[in-house]
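Participant: Give me a model of this one.
(2 chains)
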Amino acid sequence: MSKENIKNLEEMTFYPAGPLNQFLVQIGRVVEVDGQQIAVFRLSDDRIFAVLNRTPHPKGGPLAEGIVSGHYLYDPLYDWKIDLTTGLVQAPDTGQVQIFPVKVEGDQVFIATENLQKA
Amino acid sequence: MGKDREKLVVIGNGMAGISAVEQILKLTTKFDITVIGSEPHPNYNRIMLSYVLEGSKTIDDIVLNDLGWYKDNGITLHMGRAVAKIDELNKEVITIDGLKVPFDKVIIATGSNSFILPIPGSDKEGVVGFRDIADCNQMLDAAKCYKKAAVIGGGLLGLEAAKGLVQLGMDVTVVHLMEDLMERQLDHQAASMLKAELERQGIKFKMGAQTVELLGDARVSGLRFADDTVLDAEFVVMTVGIKPNITVAKDSGIEVNRGIVVNDYLQTSMEGVYSVGECTEHRGTCYGLVAPLFEQGMILAKHISGVETVPYEGSIVSTKLKISGVDVFSTGEFIDGPEHTVIANKDDWKRTYKKIILKDNVMVGAVLFGDITDSAQLQKLIKLKTVMTDDLYASLMGTGCCGGEGKKGISVDTMSNDEIVCGCNGVTKGTIVDVITNQGLTTVDEIKACTGATRSCGGCKPVVEQILQYVLGDEFKTAAKQGICGCTTLSRDEIVAEIKDKGLQTTKEVMNVLGWSQTEGCSKCRPAINYYLGMIYPDTHEDEKQSRFVNERMNANIQKDGTYTVVPRMYGGVTTPEDLKKIADVSLKYDVKVVKVTGGQRLDLIGVKKEDLPKVWEELDMPSGYAYAKSLRTVKTCVGSQFCRFGTQDSMGMGAILERKFERLDFPAKFKLAVNGCPRNCAESCTKDIGIVGNDGGWEIFVGGNGGIKARLADSLCKVKTDEELIEICGAIMQFYRETGNYLERTSEWVERIGLDHIKAVIVDDIEGRKALMERIEFALKQVEDPWKKALRDKEQTGKLFNGLEMSNQL
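Facilitator: Residues are numbered from 1 along each chain as shown, chains lettered A, B, ... in the order given. Predicted coordinates:
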């Protein structure tokens, strides 16, 4: 991440998404905000990542139900491999899913939704 | 094309002509090539027509050189055009429709025609040979309209045709003049074993019968034999022999006898004209099999291209019958006389037979039935006129005390470079060695893609593997190995063995201990390992939801918009007005988009929102239909003896019993059953993993059918008399498949990989083994529970799995 992004990150407002124990390890969960869906993933090392719950595959569909391996997600409908840290689709497929900054404080998960477009 | 290039015209667009052309293209670019063929198809593998008939391959599958190949190699192709004669004076090949093609050199490769018996009625409608795609299509059409067929001639081709017609549902009788089938390739012993096996597969035989007339009006209706008896038949296939197609040569003034006469370099009596394949007669012999054609083609190619070559001195032929589940092989001299020493081993239990014939201690012939794993080795030993030794005997026949221990494969190092490894595609050892060393290929699949070896019947795969191993040496093991996915080099069997040996309990443990490259695996291996663990430890393995594909995790099928479908059980496809009412009420309440009748005789509620799934299950209060799972899906049934006037067995009742007994268990892939009350087969057993057909007094069980992406008709496994036996055999099949199937491998592939004979030996013949399989599946069945009920019981987990969270962007 570039310096500019880190600065932005500090300025961002994080909103509470729910307690950590509401997120099963390696199983995604949908968080709704402003009529939009964010798919939240808790990795086996307890890191949390949040992405827009929409596959970049042209046929569309959700992401929350995919198989999680390390910080990668396997799209549940088309088996595309997506890096949850960057949102980038891995070769041979291409594309990027929108990602949202996440922090965990105490037992609460917070997500910054500034870049989320209203539905 | 340059004028200085020589013009080569090939008459005949079949395997012999085109394989000669392929060899020529490798040696020289000096020819402008034109191919003229009478069939309206590019070159296809004629010996695979049996598979087309049997239904395991399509015509596209057996095309050897598609139109692009001709174009890429600059070959002018005239399809559907027959040649009238070769005009020696003007150096032109003239077609029947008047086209004149100038030539410098000609190759005649016109093959052969079916020999049609010169008896009254043989010109009637419904009488065909079995040589080409047109014959094959006629047979496929006939099977749709007619029931009774006769095949005249119990040789290789006749038996393959008969099996194909039986597979297509016809009642087939093979009529054979001699007392033994395939008497030109098999001895009496092997022939009787073959006949018994084919009778088991539903072919009828009339032996020692001479057909003297075909009866009927315009269309054939029956056969009359020399003893005046009659056999009804609405369709007749004549496979009594082939006749070299010598018309063109004869009309052009070339010397012919039975075939087109050639010298040891395949040259005919006309200057610059060669002949190759089945139309050819060399040293008094016309060959009707595929291997000689490649051997001839290779020598012809060298000679015509001006490359030095040894003369052709004839071929030792060997035969392999291409009927699934019937393995027969013979090579060289197979009938023993007083001058021979015979080594024979007959096993009535395993239904195998092996005979090796020696003359002055030199191996001159062999016959194998049932187990033909030694065929490649024997073929080579006999071709090389090998002297039998004690060591060789031990390696071929076993030492007598521990059954063939220390058995060695054929020694590929002593094989000469121009020896043909792949008989279907004419690929030599030299070519294979070349692509391995110069192009760095390391797997059989790569060699197949590059050279065509193993592409057709696959019989040469072990030899290709040995050559690969021989060339790569120590690199072979690591280089050639492919694991179940990109995360590992281990195969399914190795993983299962390691799990058992080391007592591994979780996918994580498996991946850590066995050195996965991606530490948490991928979407391919995680579900597979989760399945193998559950199969090995049915009572203690804790199912890993995070390693399940979405449908199996949510117990519903995800649709492309993220909604789900719900299919409740309807045991044996039978429902009640009460259940239908519930389904209707729930569908209205939860705004289901479509209610569809599925292919498996039940109802599918399409378009249920994820968070509504638990409520839908609760209100339906019906068991899960497992429409989403690699598990028992539906048991399709017909009405059966409860109501149907034709029914001989209670198919609805038996369907429901089987579905209730075996539901909920994980399988390598989805699993479908059908139960029919009579052989009319209204519930379509032939396309199910297990298909059951009731008859008066019992049931017949079929396995390995598939109606999906690659259709396959199920094979008959056995017949049983009682319901108890039926249930036990079904259970044993399922457990054997669970224990040996690769994850995602359907039974249609599994049956072909494991072999029907082996499955029969395990399930049908070995009664103790079957009981043990049944005990293991019963134990596993004790551990399963309806997943919808389980989800409703564990409310907390279900909430986390199915419900979203709401978040406000207001602090």
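Participant: tell me, how many neighbours does B:Lys502 end up with?
Facilitator: 12 (other CB atoms under 10 Å in any protein chain shown). Backbone N, C-alpha and C define where each C-beta goes, glycine included.
Participant: Skipping its backbone neighbours, what lies nearest it in space?
Facilitator: For B:Lys502, ignoring the flanking residues on the chain, the nearest one in space by CB to CB, 6 or more residues apart in numbering or on different chains is B:Val513 at 6.2 Å.
Participant: contacting residues for the one you found?
Facilitator: B:Val513 makes contact with B:498, B:502, B:504, according to CB atoms under 8 Å, 6 or more residues apart in numbering or on different chains.
Participant: And those residues, which is closest to chain A?
Facilitator: Within the contacts of B:Val513, the smallest distance to chain A is 17.5 Å, found for B:Leu504 (CB to the nearest CB).
Participant: Go ahead and confirm that closest one touches B:Asn512.
Facilitator: No: B:Leu504 sits out of contact with B:Asn512 when judged by CB atoms under 8 Å, with a separation of 9.0 Å.
Participant: Which positions in stretch B:386-393 come out as buried?
Facilitator: Within stretch B:386-393, the residues that qualify as buried are B:386, B:388, B:392, counting by 16 or more other CB atoms under 10 Å in any protein chain shown.
Participant: scratch that, stretch B:164-179
Facilitator: B:164-168, B:170-176.
Participant: give me every residue that touches the closest residue in space to B:Pro787 that isn't next to it in sequence.
Facilitator: Nearest residue to B:Pro787 in three dimensions, chain neighbours excluded: B:Asn555, at 4.6 Å (CB to CB, 6+ apart). Residues near B:Asn555 by CB under 8 Å, 6+ apart: B:613, B:624, B:628-629, B:787-788, B:791.
Participant: Narrow those to those in strands?
Facilitator: In strands, defined here by DSSP state E, there are no members of the contacts of B:Asn555.
Participant: right, and the pair among these with maximum separation?
Facilitator: Greatest spatial distance in those: B:Leu613 and B:Ala629, 14.7 Å, computed using CB to CB.
Participant: before we move on, back to that, give me the pLDDT value at the residue nearest to B:Lys502.
Facilitator: At B:Val513, the pLDDT value in this model is 91.
Participant: Point out where chain A drops to low pLDDT.
Facilitator: A:1-10, A:117-119 (pLDDT under 70).
Participant: Tell me where it has helices.
Facilitator: A:3-11 (DSSP state H).
Participant: can you list the residues of it near chain B?
Facilitator: Applying CB under 8 Å from any CB of the partner chain, we find that chain A lies next to chain B at A:13, A:15-18, A:22-27, A:29-34, A:37-38, A:44, A:59-62, A:65-70, A:74, A:76-77, A:79, A:81, A:111, A:113, A:116.
Participant: again, only using 6 Å
Facilitator: Contacts of chain A with chain B, taken as CB under 6 Å from any CB of the partner chain, map to A:15, A:17-18, A:24, A:26-27, A:30-33, A:61-62, A:65, A:67, A:69-70, A:74, A:76, A:79, A:113.
Participant: Only the buried subset of those, as a ChimeraX command please.
Facilitator: Those of the residues of chain A next to chain B that count as buried under 16+ other CB under 10 Å are selected in ChimeraX with:
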select /A:15,17,18,26,27,30,31,33,61,62,65,67,69,70,74,76,113
